[in-house]
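A.B. asks: this one's sequence-less:
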């Protein structure tokens, strides 16, 4: 059904049409020309009919008579749509079976948006329960609270007991977290943990077949990714970050101090050169702002800087940004 000049379907009623219909009921008729201009929907729906005594006027059909007629027309439309659905299903059913037998790896399953923390956790838990080979995880934001680690322990141990390999990336701030170290020491199986100054947002990849990523900043929405190309891309990104990261568990590697500059100060120097504020640096590195400022002050003292502007110049001149972060696998 086409859309008329009043912005609605020709068989629908608009507010102006209902007002004109009410006036016709009160006065017994309305001018034909007015209905054609103001509310053609009244004529199309049969609520106004020509006055045989004066064809310049339209007379209203009683609502009690018009309503059953309109409902009957709607029922007929629904019946026609159902018949169309049945014909489409009958025509496509054998083709569905044919495609199922010839589907190619490029036929990517749809990704699913998950809404609500409880829903997200339920779907992730279900996917982890079916994982049998490998778990890759990135956990940004520094330390994980002990209750969160305790809740994850049972699930992770079950996966390890099935023979899964578990690799997790944290930020460097987690290296000084006794709760995290104790958590991984309790787990029995193939577990490795490494750290970087900066990581991506949270990521979970299971068996390189399904991945979970946040869909908003507060993580109340997530995307369950089952597109093989996208999952492979995310897993490859993890692998490259993993090779750049510093081992934390089961054997921790010491981060080198070069020319009196600690690895954390090196990371801060990189962000300072990019023009980030103290608050942004703290957020990027998983620090509180007070700790970030302490490290900035130590970096300034090491380089002999007396101002923020001079610090940027001395960082550039010192060559410390050419030092490679972390260790290679």
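C.D. replies: Nice, I can see it. Bear in mind the structure is a predicted one, so any value in this text is a computation, not a measurement. Numbers count the residues shown, from 1 in each chain.

A.B. asks: ok, how many other residues are close to the closest residue to residue 132 other than its chain neighbours?
C.D. replies: Spatially, and ignoring its direct neighbours in sequence, residue 132 is nearest to residue 162 (5.7 Å; CB to CB, 6 or more residues apart in numbering). Backbone N, C-alpha and C define where each C-beta goes, glycine included. By the criterion of other CB atoms under 10 Å, residue 162 has 13 neighbours.

A.B. asks: so how far is residue 38 from residue 162?
C.D. replies: 72 Å (CB to CB, to the nearest Å).

A.B. asks: start to end distance for stretch 141-149?
C.D. replies: 14 Å (CA to CA, to the nearest Å).

A.B. asks: so what touches that stretch?
C.D. replies: 170-171, 173-174, 177, 179-180, 183, 286-287 (CB atoms under 8 Å, 6 or more residues apart in numbering).

A.B. asks: still on that earlier bit, so the residue nearest to residue 132 versus residue 131, what's the distance?
C.D. replies: From residue 162 to residue 131 the distance is 8 Å (CB to CB).

A.B. asks: look at residue 89 and report its pLDDT.
C.D. replies: Here the pLDDT value assigned to residue 89 is 80.

A.B. asks: and it, what helix or strand is that in?
C.D. replies: Assessed by DSSP states H and E, residue 89 sits inside helix 63-102.

A.B. asks: buried ones in that helix?
C.D. replies: residue 66 (16 or more other CB atoms under 10 Å).

A.B. asks: any of the contacts of stretch 141-149 buried? List them.
C.D. replies: When these are checked against 16+ other CB under 10 Å, the ones flagged as buried are 170-171, 173-174, 177, 180, 183, 286-287.

A.B. asks: just the ones in helices from those, please.
C.D. replies: 180, 183 (DSSP state H).

A.B. asks: check the buried ones among the contacts of stretch 141-149 and tell me the two furthest apart.
C.D. replies: Pairwise distances across those peak at 21.3 Å for 183 and 287 (criterion: CB to CB).

A.B. asks: now the contacts of stretch 141-149 as a markdown table including pLDDT and distance to residue 310?
C.D. replies: Shown next, in a markdown table, are the contacts of stretch 141-149 (pLDDT from 0 to 100; distance: CB to CB, whole Å):
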| residue | pLDDT | distance to residue 310 |
| --- | --- | --- |
| 170 | 90 | 34 |
| 171 | 86 | 29 |
| 173 | 78 | 28 |
| 174 | 79 | 33 |
| 177 | 79 | 35 |
| 179 | 84 | 40 |
| 180 | 83 | 38 |
| 183 | 88 | 43 |
| 286 | 73 | 27 |
| 287 | 75 | 23 |
